[in-house]
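> The amino acid sequence is not available; the structure is as follows:
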């Protein structure tokens, strides 16, 4: 007997013991280089994921699209930094409960406030048997350098490079 699309089971997402996934979409345009952009895109994103025990799924388009001065279209930050690439962002959204936090609506809160918001979103929306995804839409606050948990994350990812 052939299975129809509606009869197929939903993709079972594996959170590897974490509480879910963290996504971030920032569609602003910039003329800054990637090193400067890391303070807006990578450092605060990782800090939030680590603080809330979520798997960070980095969206390369945050870097490769919208840069007015440089062509970063071939830059694959997610693969280079070994972010979780098992699932597409679309499949994560389709197969999990998605809670969206819009930083524009919140007047771009500082990272300490964002940490509270993400943790609250996890606590308030975690359902037994359903994978949770927290999706941040809008810019994060810039960090000049990574905080200690993010530094440890980078060191762990860099171990194979030794």
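Nice, I can see it. Predicted, not measured: the structure shown is a model, and the values here were computed from it. Numbering: from 1, shown residues only.

> For the host helix or strand of residue 112, which outside residues touch it?
According to DSSP states H and E, residue 112 maps onto helix 111-125. Helix 111-125 is contacted by residues 19-20, 22, 44, 47-48, 51-54, 97, 99, 101, 103, 106, 109, 132, 134, 136, 140-141, 143 when judged by C-beta atoms under 8 Å, 6 or more residues apart in numbering. For the C-beta atoms, the positions are set from N, CA and C on the backbone; glycine is no exception.

> quick one: contacts for the closest residue to residue 61 other than its chain neighbours?
Spatial nearest neighbour of residue 61, chain neighbours left out: residue 25 (7.9 Å); criterion: C-beta to C-beta, 6 or more residues apart in numbering. Contact analysis of residue 25 by C-beta under 8 Å, 6+ apart lists 59, 61-62, 135-138.

> quick one: which of the contacts of helix 111-125 sit in helices?
Taking DSSP state H as the definition of helices, those contribute 44, 47-48, 51-52.

> min pLDDT across those residues, which one?
pLDDT across the ones in helices among the contacts of helix 111-125 is at its lowest for residue 44, which sits at 91.

> Look up the closest residue to that one, ignoring the ones flanking it.
Distances taken as C-beta to C-beta, 6+ apart put residue 140 closest to residue 44, at 4.0 Å, once the chain neighbours are dropped.

> Please apply the same query to residue 10.
Once flanking residues are discounted, residue 10 sits nearest to residue 95: 5.2 Å by C-beta to C-beta, 6+ apart.

> Now for that neighbour, how many residues are close by?
The tally of other residues near residue 95 (other C-beta atoms under 10 Å) stands at 16.

> For residue 12, see how far away it is.
When distance is defined by C-beta to C-beta, to the nearest Å, residue 95 is 8 Å away from residue 12.

> Wait, the residue nearest to residue 10 touches residue 15, no?
No: if you go by C-beta atoms under 8 Å, residue 95 and residue 15 don't touch, sitting 11.4 Å apart.
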